[in-house]
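*Asks:* Sequence first, predicted coordinates after that:
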Amino acid sequence: MSKFKQAMETYRKRPLSLFLRIVVIAAAVITAFILGAIIIYILVKGIPNLSPELFAWEYNTDNVSMTPAIINTILMVLLTLVFAAPIGIFSAIYLVEYAKRGNKLVNIIRMTTETLAGIPSIVYGLFGYLMFVIAMHWGYSFIAGALTLAIMVLPTIMRTTEEALKAVPDSYRDGSFGLGAGRLRTVFQVVLPSAIPGILSGVILSIGRIVGETAALIFTAGTIAAIPASVMNSGRTLAIHMYALLNEGLYMNQAYATAVVLLVMVIIINGISGLIAKAFSKRTGEK
Amino acid sequence: MKKAKETVMHIVFLVAACVSIFAVALICIFLFGNGIPAIGKIGLGHFISGMDWKPLNNIFGIFPMIIGSIYVTAGAIIVGVPIGILCAVYMAKFCPKGLYKIFKPAINLMAGIPSIVYGFFGLVVLVPIVQNMHGGSGKGVLAASVLLGIMILPTIISVSESAIRAVPNYYFEGALALGDTKERSIFCAVLPAAKSGIMAGVILGIGRAIGETMAVIMVAGNQPILPDSLFSGVRTLTANIVLEMGYATDLHRQALIATGVVLFVFILIINILFSLLNRRSGDKA
């Protein structure tokens, strides 16, 4: 109690400090309040709107089912990662394990990756539309969407993989070289396995971005509400499904329900990513 | 055999690493290649400073959209930056450890919420609030600014927090030892030292705000006119593209792509500013 009194005494003498403390705490409370408000509002308004027919297998304008969109979202994540994960991980391997320090090429790669990370999704959408849909004559197609998204999430995967590789102690590499293993074998059998949690958390972070993406997909993957027969067909993901519902303006209740599903997906993805990152930091912390 | 495998994989890694260079080059070629002819046809002056956007009459002036983007971004800065920086100070210096374990993932979650969900929240919560305050449709500069301000919070908080944490502890301890209060030590000794890192966070936030599309469309009203008050409808560059791309043809479509080019140039400038600042703060640390 006396400590509290002492603090109050200081604040009485220095009102500016008290003011600063109050605004800092207020800012934190406001931030927490906003996040809480968004989550609680959407859950409270949305959960009552979740009905079985919203999950019917086929979409039609009566049931506005989101099942095809959910399946499309999963397919889109997989297809995007097929392109983005190997390229992202391989480039990080090049940057960390192969490139020499101060290499000019490395600087250019870093610069372009930074640029990619800053480009807004609508610009990716425009690019994907111009290149894949128009120039390649693929039309609105799943593959056009996936390739566009793959470029979009590439910087995320590259950066997290790079950090994970850098966190592997050099003694691992030296030990492996000392036993006569080549560079390639060292990378795949020694360095990569111990960097996996870090890489995974980056991949999961990208999954979150893919799930939530709208602007880059509208003009690439298109908005057809069915599971595409092949990668050359159009198909809408859940985020686009929600945009379409809002755009038509007739389906507010269904939009609430879709928002719940999207939000829950993102919360789960974020949770998994956080858990893996924590496991990773614990492991590197022990060393 | 083993040697050949090594060489092949070395080349594979190198090629993978060059994909990002290749991607940036392709994006530039396709955007500029498709957009610049349109700007040439419309005339740079007419396009950039034209006050009217009337696709049906082949009049394409995006000045209202440029101003619209600048307005809502400025609004987002006014709303988001003070709260973001102060919240970062709280997270770095005041937050008890137990609370931090909840707060930090919460901020990450905030960054992960899809923009369409933010837009929906803005539409069903913020817009009615503005409507009650002032009447009218409620969609406009104010609603868009507040929503964007919320959306850039996590970016500003994370970057500023790590910038504040990167300041050596003796700045803080030195100020304390001179008899200053904890708050004044932080605001007068630590924050100035973290200045360029915090600025980098703000610029990153600006980039996000200018590029945001889906959330803005829901709450901005989207009229392609110069907004004359906080409550009047506004259309941003990003919104212009999404709203009309679906049905545009010929010169109209090219004009939309050219809108994307203007947006892209804005973003490139912001990126360059960001990396310059990052380099400066990197040098210091």
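*Replies:* Looks like it came in fine. Remember, it's a predicted structure, so these values are computed and weren't measured experimentally.

*Asks:* rest of the way, CA atoms for contacts and neighbours
*Replies:* Will do.

*Asks:* and B:Ile27, how many residues sit next to it?
*Replies:* Residues within reach of B:Ile27, counting by other CA atoms under 10 Å in any protein chain shown, total 20.

*Asks:* State the helix or strand in which it lies.
*Replies:* Taking DSSP states H and E as the definition, B:Ile27 sits inside helix B:2-42.

*Asks:* C-terminal to that helix, what's the next element?
*Replies:* Downstream of helix B:2-42, the next assigned helix or strand under DSSP H and E is helix B:44-49.

*Asks:* residues in contact with that next one?
*Replies:* Residues outside helix B:44-49 that contact it (CA atoms under 8 Å, 6 or more residues apart in numbering or on different chains): B:Ile39, B:Phe60, B:Gly61, B:Ile62, B:Phe63.

*Asks:* Could you identify which of these has the most neighbours?
*Replies:* Among these, the one with the most neighbours (other CA under 10 Å) is B:Ile62, at 28 neighbours.

*Asks:* So that residue is in contact with B:Gly50, correct?
*Replies:* Yes. Taking contacts as CA atoms under 8 Å, B:Ile62 lies within contact range of B:Gly50: 6.1 Å.

*Asks:* Flag the shaky bits of the chain, pLDDT-wise.
*Replies:* Just so you know, I chose chain A. Counting by pLDDT under 70, chain A shows low-confidence ranges at A:1-2, A:280-287.

*Asks:* wait, chain B
*Replies:* For chain B, the stretches flagged by pLDDT under 70 are B:1, B:281-285.

*Asks:* again, only using 80
*Replies:* Across chain B, residues meeting the criterion (pLDDT under 80) sit at B:1-2, B:135, B:277-285.

*Asks:* check contacts around residue 31.
*Replies:* With no chain named, the answer covers chain A. Taking CA under 8 Å, 6+ apart, we find A:Thr31 in contact with B:Ile83, B:Cys87, B:Leu153.

*Asks:* if you could check chain B rather than the one you did, that'd help
*Replies:* Going by CA under 8 Å, 6+ apart, B:Leu31 touches A:Leu126, A:Phe127, A:Leu130, B:Ile257, B:Ala258, B:Gly260, B:Val261.

*Asks:* Show only the entries of those residues found in helices.
*Replies:* Among the contacts of B:Leu31, the members found in helices (DSSP state H) are A:Leu126, A:Phe127, B:Ile257, B:Ala258, B:Gly260, B:Val261.

*Asks:* Write the PyMOL selection for whichever of the residues you listed are buried.
*Replies:* Applying 16 or more other CA atoms under 10 Å in any protein chain shown to the ones in helices among the contacts of B:Leu31, the buried members can be selected in PyMOL as follows:
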select buried, (chain A and resi 126+127) or (chain B and resi 257+258+260+261)
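
*Asks:* Just send the ones in helices among the contacts of B:Leu31 back as JSON lines, with distance to B:Gly75 too.
*Replies:* Formatted as JSON lines, these follow (distance: CA to CA, whole Å):
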{"residue": "A:Leu126", "distance to B:Gly75": "26"}
{"residue": "A:Phe127", "distance to B:Gly75": "28"}
{"residue": "B:Ile257", "distance to B:Gly75": "26"}
{"residue": "B:Ala258", "distance to B:Gly75": "25"}
{"residue": "B:Gly260", "distance to B:Gly75": "22"}
{"residue": "B:Val261", "distance to B:Gly75": "23"}
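
*Asks:* how about the helices in the stretch 151-285 of chain B?
*Replies:* B:169-177, B:182-185, B:191-193, B:195-211, B:214-220, B:237-245, B:250-284 (DSSP state H, counting those that start in this stretch).

*Asks:* Adding distance to B:Leu99, write the ones you listed out as a markdown table.
*Replies:* What follows is the helices of the stretch 151-285 of chain B, written out as a markdown table (distance: least, CA to CA, whole Å):
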| stretch | distance to B:Leu99 |
| --- | --- |
| helix B:169-177 | 22 |
| helix B:182-185 | 20 |
| helix B:191-193 | 23 |
| helix B:195-211 | 23 |
| helix B:214-220 | 30 |
| helix B:237-245 | 38 |
| helix B:250-284 | 29 |
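
*Asks:* what's the most buried one of these?
*Replies:* Greatest average neighbour count among the helices of the stretch 151-285 of chain B goes to helix B:214-220 (a mean of 27), per mean count of other CA atoms under 10 Å in any protein chain shown.

*Asks:* when you scan it, is anything in it near chain A?
*Replies:* Yes. On the criterion CA under 8 Å from any CA of the partner chain, helix B:214-220 is in touch with chain A at B:Met214.

*Asks:* who in the stretch 101-250 of chain B is up against chain A?
*Replies:* Residues of the stretch 101-250 of chain B lying near chain A by CA under 8 Å from any CA: B:103, B:105-106, B:108-110, B:112-117, B:121, B:150, B:153, B:181-184, B:204, B:207-208, B:211-214, B:238, B:242, B:246.

*Asks:* and with 7 Å instead?
*Replies:* Applying CA under 7 Å from any CA of the partner chain, we find that the stretch 101-250 of chain B lies next to chain A at B:109-110, B:112-117, B:121, B:181, B:183-184, B:207, B:211-214, B:238.

*Asks:* in the stretch 151-287 of chain A, which spans are helices?
*Replies:* Using DSSP H, counting those that start in this stretch, helices in the stretch 151-287 of chain A cover A:170-178, A:183-186, A:192-212, A:215-218, A:238-248, A:252-286.
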